[in-house]
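Enquirer: got a predicted structure here, sequence first:
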Amino acid sequence: MSELTTTEQQLRLALSMSSMGVIHMDYDTQLASADQQAARLFDLPPGVQVDRETVHLKFHPDDAVAINEHLAESMDPNGVGEFSMEHRIIHDNGDVRWLSIRKKVIFEERDGQRTPVSSLLAAVDITHKKQEEDFLKRSQETFENLVQNSPFGIYVVDTDLKMRYISKGAREHFTQFDPIEGHDLETIMFTIWRKEFATEIMRLFQHTLETGEPYQAPAFVENRHDTDQAESYEWQIERTTLPDGCFGVVCYFYDATEHEQVAESIRRREQYFREMTDAAPAMLWVTGADHSCTFLSRGWQDYTGQSQSDGLGIGWLDMVHPDDREDAHRIILSAFERRDPFEHDFRLRTVNGDYRWAIDAGRPKFNSQGQFEGYIGSVIDVHDRQVAETSLRQRAADIEASESRLRLAAETTGFGTYDITTTDSQNIWSDELFRILGLPADGAADENRYASLVHPDDRQRFRQTLRHSMLPDGPDQHSIEFRINRPDGETRWLIDTGCTFREGIQRSRRVVRRVGTVQDITDRKIFEQSLQRAKRSAEMANRSRGEFLANMSHEIRTPMSAILGHADILNDHLKDPDNLLVVETIRRNGNFLLAIINDILDLSKIDAGKMDLQKQPVRPDTIVGDIRSLMDVRAAEKDLPLKVEFAGPIPETIRTDAVRLRQILLNLVGNAIKFTNDGEVRLNIRYDQRSKLLNFDVIDTGVGIPSEKLDSLFEPFTQVDSTSTRSHGGTGLGLTICRRLSQALGGQIDVSSQPGKGSRFTLCLKVDASGKLIQPNLNSLPAQETPAPEVRLSANVLVVDDRRDIRYLAQHFIEKAGSTVYTATNGQEAIEFIESPDSPPVDLIVMDMQMPIMDGYEATTELRRRDCKLPIIALTANAMKSDREECLAAGCTDYTTKPLDQQKLIQMIARLTT
């Protein structure tokens, strides 16, 4: 036993002294035991058994398939049980080693079968050999590439002067011979050269082959026989031994023409390099291996004033600032010793004697053999950058001081601040932020703790804002309002406003810092909520007011329609002047009351935002003519002249709402006439083409207005004094409506006045003018409208209204015009009348829209549903909503309002029944 132990020890000693390592694998336990050398080769822990898989994991991925195939074959009971191969393994530190292994599998008979029980693997590190083989392979490839890509043409002929080998560069000169291998050199030469020259070439080849004397030909220029082009070559031949042991001749030739072109190109490149270095903004330099300067570009002399020759050696140091000279020289010498690149800055004297900061940077240069040849580098003026960096450092210090002051100011004004640096996870909160969040000031600044306080209903929105701010392409700024539930149980509203800073570009962009402020806005939110409640209350009040005014309009206009209509009927039947005067008084006061109602409703429409403007192209001179036509009568009643004047040309057409513009001017001119007893009233129109402003000046010589009353003149229900109402009448709404209408039309109304001398009201409109400018002719302005001719009807008309007075009035007007009238008191009766086979035929329906049982909207909709095609005229007193659109939407054909206008109603019926 001791002898066996001794033998084993001797074997282990021999193995340890060799480079071979051995691994024993037990297949029953799947454990491997590696000796010291094998452990080193396979990068395994020495003296420790490892599982089989640990060894296999060392295999290089590119070799693993082949190794596993060999392993499988070696364990085949019918196989040889061993194999050899070369493969790579990977150490844990990433090193890749080549091993040559031989493995022997040991089998036993178990249950009558040959079973692998263990194996021995011997391995040797052949990395060095593989590297040498790879080097030789690359060398061979390099040699082949050099030959094939050599600027020289190379070919070899054998003892019989036949072509044996030709390089790529040479083959290009013999393109007519393909393949050229095996051709007689003599045939080739006599094909491309003249006879005498080819004969001499063959003599020289034969001489070298026989004697072994090399021959180098001088450069020559000769015309090729096959192309008749002059070519210049340098060539030489020498005898060589071929692989078969026989002599041959190798020929090297070079196209001298191309060589000359290359030489010229090199000269041009050298000249270009010189010009480039001289023109470069940097000062370029080169040194030898002894750190002595051997070249300075022209820029050095231009910058420093020192000649290039004086700067060579170490003369350039004279231009360095005395305080920087020693460091500059020491840094360069130190870099030379280490052969390291260097960069340092110093002050350099310029041609005008000033010193400016410059950066000197150099890199070592080596020749093709790797020998150090010196340094090459440049000197660049960075004075402005140096000054800027100093300024930036000062600015950074100022910013830091400003940030400190800002934090102090923020805390003083109730702002909490945070500053989060993502690169080092630094999170800084101000004391005020801790207070706002209800957290102890000595606690940690924790973003997760901050987020956990956010109200559950706001948490998703808060996290989404935070997540977006952290994206590489996310927003640079954010602001979000949200609630938090503080630890003390109180819910507070906060606003978080911050900035995100990123660095890098495109995909490499990343967030590096976030800063921001947090403010408690609970009081503001409470105030906003109270405002919202007040707004809702106001809107409800407006709706209630609108509904009230609509009902009021209906309830007032309907009896007013009866009063005015019956006054018209009385006027047709009475002849006594006193009675006619009474009727006229009723009509005049009824119309005055109607005007008051219209003013109130107009103001309500404007306040409710329901005043719809119908802007269309209109002629302003026509509107002015209408005003004069309407107001002439009123002015004549007071023996006042109404003068209309155009101060220069005006646009032929403007785009505006003609009805509302006419309403404003009628009110202004009407007021001027009302408050003027002596003198005159003038309407001046002027246009400024540059500013596109159209001005209407209404000037009177009336009572005037005190200056202290001008500011309140346009307030609703306001007059200069209470006596105005008693002496002149009115509600005080006219000017309010005028100003608001003018603003809606894109203009304004200004006023100037002197008590006792009169007033000037100016309507100024910014107009959308088109077409040419015209000078209106006052004589061509329309005079008073002539009454429309009487219209006669022959249609059968159904009048539907719940008010007997309105039914009677409409019936009277329509029958007076020649039609037959039938009546109904509500929508249901109207439908029954139309549907009844016993009813007479009807040509048109006049339908009141507000009635009991079934109103006009329902009745019209139902009639249309039953395919009734009759024209239906809507009759309504509702002036608040978009009455016309609602009536037309219900199916009405047209629309008219109360009080009934006899002429308008008859003309509408005639148009729809003709």
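Expert: Received it, and whenever you're ready, just let me know what you need.

Enquirer: how is this structure carved up into domains?
Expert: 15-133, 150-259, 276-388, 415-520, 612-780, 796-913 (automatic domain parsing).

Enquirer: include mean pLDDT when you put these into TSV, please.
Expert: Shown next, in TSV, are the domains of the chain (pLDDT from 0 to 100):
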stretch	mean pLDDT
domain 15-133	88
domain 150-259	84
domain 276-388	87
domain 415-520	88
domain 612-780	84
domain 796-913	90
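
Enquirer: pLDDT of the longest helix along the chain, averaged?
Expert: The longest helix of the chain (DSSP state H) is helix 522-573. For helix 522-573, the mean pLDDT works out to 78.

Enquirer: centre of the chain to that helix, how far?
Expert: 49 Å (Cα atoms, centre = their mean, to the nearest Å).

Enquirer: which secondary structure elements does that helix sit against?
Expert: If you count contacts as 3 or more Cβ pairs under 8 Å, 6 or more residues apart in numbering; DSSP states H and E, helix 522-573 packs onto strand 491-503, helix 577-607, helix 804-816. All C-beta spots, glycine's among them, are computed from the backbone N, C-alpha and C.

Enquirer: pipe these into a markdown table and attach mean neighbour count and distance to residue 472 per row.
Expert: Below are the helices and strands packed on helix 522-573 laid out as a markdown table (neighbours: other Cβ atoms under 10 Å; distance: least, Cβ to Cβ, whole Å):
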| stretch | mean neighbour count | distance to residue 472 |
| --- | --- | --- |
| strand 491-503 | 17 | 7 |
| helix 577-607 | 15 | 52 |
| helix 804-816 | 19 | 75 |
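
Enquirer: need the ones you listed in CSV with distance to residue 456, can you?
Expert: What follows is the helices and strands packed on helix 522-573, written out as CSV (distance: least, Cβ to Cβ, whole Å):
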stretch, distance to residue 456
strand 491-503, 11
helix 577-607, 42
helix 804-816, 62
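
Enquirer: ok, now which ones touch residue 795?
Expert: 819-820, 843-844, 909, 913 (Cβ atoms under 8 Å, 6 or more residues apart in numbering).

Enquirer: and it, its phi and psi?
Expert: With angles defined as degrees, to the nearest 10, residue 795 sits at phi -90, psi 160.

Enquirer: how about residue 425?
Expert: According to degrees, to the nearest 10, residue 425 has phi 60, psi 30.

Enquirer: that one and residue 444, how far apart?
Expert: Distance of residue 425 to residue 444, given as Cβ to Cβ, to the nearest Å: 12 Å.

Enquirer: still on that earlier bit, I'd like to know which of the domains of the chain lies nearest to residue 556.
Expert: domain 796-913 (7.7 Å; Cβ to Cβ).

Enquirer: pretty sure residue 234 sits against residue 253.
Expert: Yes. Look at residue 234 against residue 253 with Cβ atoms under 8 Å: they come within range, at 6.9 Å.

Enquirer: give me the contacts around stretch 238-258.
Expert: Residues contacting stretch 238-258 (Cβ under 8 Å, 6+ apart): 151-159, 161, 164, 170, 205, 208-209, 212-215, 219, 231-237.

Enquirer: if you count neighbours, what's buried in it?
Expert: 239, 242, 248-256 (16 or more other Cβ atoms under 10 Å).

Enquirer: and these as CSV, adding distance to residue 641 and secondary structure?
Expert: Listed next are those as CSV, based on distance: Cβ to Cβ, whole Å; DSSP: H, G, I helix; E, B strand; the rest coil:
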residue, distance to residue 641, secondary structure
239, 136, strand
242, 135, coil
248, 134, strand
249, 133, strand
250, 129, strand
251, 127, strand
252, 124, strand
253, 121, strand
254, 118, strand
255, 114, strand
256, 116, helix
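
Enquirer: spatially nearest residue to residue 181, not counting backbone neighbours?
Expert: residue 163 (5.3 Å; Cβ to Cβ, 6 or more residues apart in numbering).

Enquirer: can I get the helix or strand hosting that neighbour in PDB, CA atoms only?
Expert: Using DSSP states H and E, the element containing residue 163 is strand 163-166. Extracted C-alpha coordinates of strand 163-166, given in PDB (Å, rounded to 0.1, in the frame of the first residue of the first chain):
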ATOM      1  CA  MET A 163       4.600  31.900 -66.600                       C
ATOM      2  CA  ARG A 164       4.200  30.200 -63.200                       C
ATOM      3  CA  TYR A 165       2.900  33.000 -60.900                       C
ATOM      4  CA  ILE A 166       1.600  36.500 -61.400                       C
END
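
Enquirer: just checking: what are the partner strands of it?
Expert: strand 153-157 (antiparallel) (DSSP bridges).

Enquirer: helix or strand: which one has residue 119?
Expert: Applying DSSP H and E, one finds residue 119 within strand 113-125.

Enquirer: strand partners of that strand, parallel vs antiparallel please.
Expert: strand 20-26 (antiparallel), strand 96-110 (antiparallel).

Enquirer: buried ones in it?
Expert: 116, 119, 121-125.

Enquirer: and of the residues you listed, the nearest to residue 377?
Expert: residue 125 (44.0 Å).

Enquirer: for beta bridges, what are the partners of that closest one?
Expert: The partner residues for residue 125, given DSSP bridges, come to residue 99.

Enquirer: tell me how far it lies from residue 877.
Expert: Relative to residue 877, and taking Cβ to Cβ, residue 125 is found at 112 Å.

Enquirer: now do the same end-to-end measure for stretch 841-853.
Expert: Using Cα to Cα, to the nearest Å, the end-to-end distance of stretch 841-853 comes to 24 Å.

Enquirer: start at 55 instead
Expert: Got it, the first residue is 55 from now on, which makes the last one we talked about stretch 895-907.

Enquirer: how far does it sit from its chain's centre?
Expert: For stretch 895-907, the distance to the chain centre is 60 Å (Cα atoms, centre = their mean).

Enquirer: help me confirm that residue 825 is found in a helix?
Expert: No. Secondary structure of residue 825 (DSSP: H, G, I helix; E, B strand; the rest coil): strand, not part of a helix.

Enquirer: in which helix or strand does the nearest residue to it once chain neighbours are set aside reside?
Expert: Excluding its sequence neighbours, the residue lying closest to residue 825 (Cβ to Cβ, 6+ apart) is residue 706, at 4.3 Å. Per DSSP H and E: residue 706 is located in strand 704-710.
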